[in-house]
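# how would this look folded up:
(chains A, B, C and D)
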Number of protein chains: 2
Amino acid sequence: MGIHVVFGALADPTRLAIVERLLSSGDLTAGEIAAPFDISKPAISRHLKVLEEAGVVERRVERQFRVFRARREGFAQMEDWLEKSREFWNDSFDRLEKIFAEKGRPDAEDD
Amino acid sequence: MGIHVVFGALADPTRLAIVERLLSSGDLTAGEIAAPFDISKPAISRHLKVLEEAGVVERRVERQFRVFRARREGFAQMEDWLEKSREFWNDSFDRLEKIFAEKGRPDAEDD
DNA sequence: TCTTCATTTAACAAAAACATGAAATAACAT
DNA sequence: ATGTTATTTCATGTTTTTGTTAAATGAAGA
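Prediction:
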């Protein structure tokens, strides 16, 4: 589906706040999620849909409520992407070290 | 500035591709960055501005070129946010363990 | 200075995102 | 069945994002 969709889901302040609250509070109903915000319930409902479609939260029906919960796999996707990026950082650090070693001193004045 | 700005910067497929290329290739000029894409240079220029304002890349002037590079601090922000989230996951796992322990059954495979 | 190459800013159009109130649906209780 | 509570879908308006082309700016060289 693409990691950019996950990033997009977390790019909105309202959605980010929802996710952070779900992380700290565990399961919450749509109504509980909407309560602290000044925006309408339809708007929150859409945000929840975006988060669900991105795989960041999951929804289940319990009695007359829809209960939401943060979803591990969504976070795992980000972890993986960042892990891959970290490798690149390490690689380029290695390249720099090699260059320094060959030149014999860390800050040579060239080009 | 808010982590959601960083997420927003990476939410666009073109910008994500730019960042990934900068990670693997090191420094690139605006022109080199624009080359593989089908969209106009002004459009790429704006994407680069968004990435720069989010702190994900940095720009410097070298001869007649603008050279871009991925920026460690931008990634560190995400690492920190994910690290914080990971703590919450661990905490809720602890809570679950405690509940199982009280029930006398450490790993019940019920649904 | 005049030209050229590299890139950004400006002006604008199309598409997407985000909000709202009203109506529809879902689950449950009476 | 009818009503009540919980939530989503619909129709719509506004703002933001993303793209385009044309013009402006920046740096370098003749």
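# and A:Arg72, how many neighbours?
12 (other C-beta atoms under 10 Å in any protein chain shown). No exception for glycine: its C-beta is placed from N, CA and C like everyone else's.
# nope, A:Phe75 is what I meant
By other C-beta under 10 Å, the residues close to A:Phe75 number 20.
# name the helix or strand for it, please.
helix A:72-103 (DSSP states H and E).
# how about the residues of chain A near chain B?
Within chain A, the residues that sit near chain B (C-beta under 8 Å from any C-beta of the partner chain) are A:2-5, A:7-8, A:10-13, A:16, A:23-24, A:26, A:70, A:72, A:75, A:78-79, A:82, A:85-86, A:88-89, A:92, A:95.
# try it again with 7 Å
Proximity of chain A to chain B, by C-beta under 7 Å from any C-beta of the partner chain, involves residues A:4, A:7-8, A:10-13, A:16, A:23-24, A:26, A:72, A:75, A:78-79, A:82, A:85, A:88-89, A:92.
# list the contacts for the residue lying closest to A:Pro13 once chain neighbours are set aside?
Once flanking residues are discounted, A:Pro13 sits nearest to B:His4: 5.3 Å by C-beta to C-beta, 6 or more residues apart in numbering or on different chains. With contacts taken as C-beta atoms under 7 Å, 6 or more residues apart in numbering or on different chains, B:His4 has the following neighbours: A:10-13, A:16.
# closest to DNA strand C among those?
Taking C-beta to the nearest atom of the strand as the measure, DNA strand C sits nearest to A:Asp12 out of those, at 3.8 Å.
# so how far is A:Ala76 from A:Ala70?
Using C-beta to C-beta, to the nearest Å, A:Ala70 is found at 12 Å from A:Ala76.
# so for these two, which sits in the more crowded spot?
Ranked by neighbour count (other C-beta under 10 Å), A:Ala70 and A:Ala76 place A:Ala70 first, with 25 against 11.
# so that one is in contact with A:Leu23, correct?
Yes. Contact criterion C-beta atoms under 7 Å: A:Ala70 and A:Leu23 qualify, at 5.1 Å.
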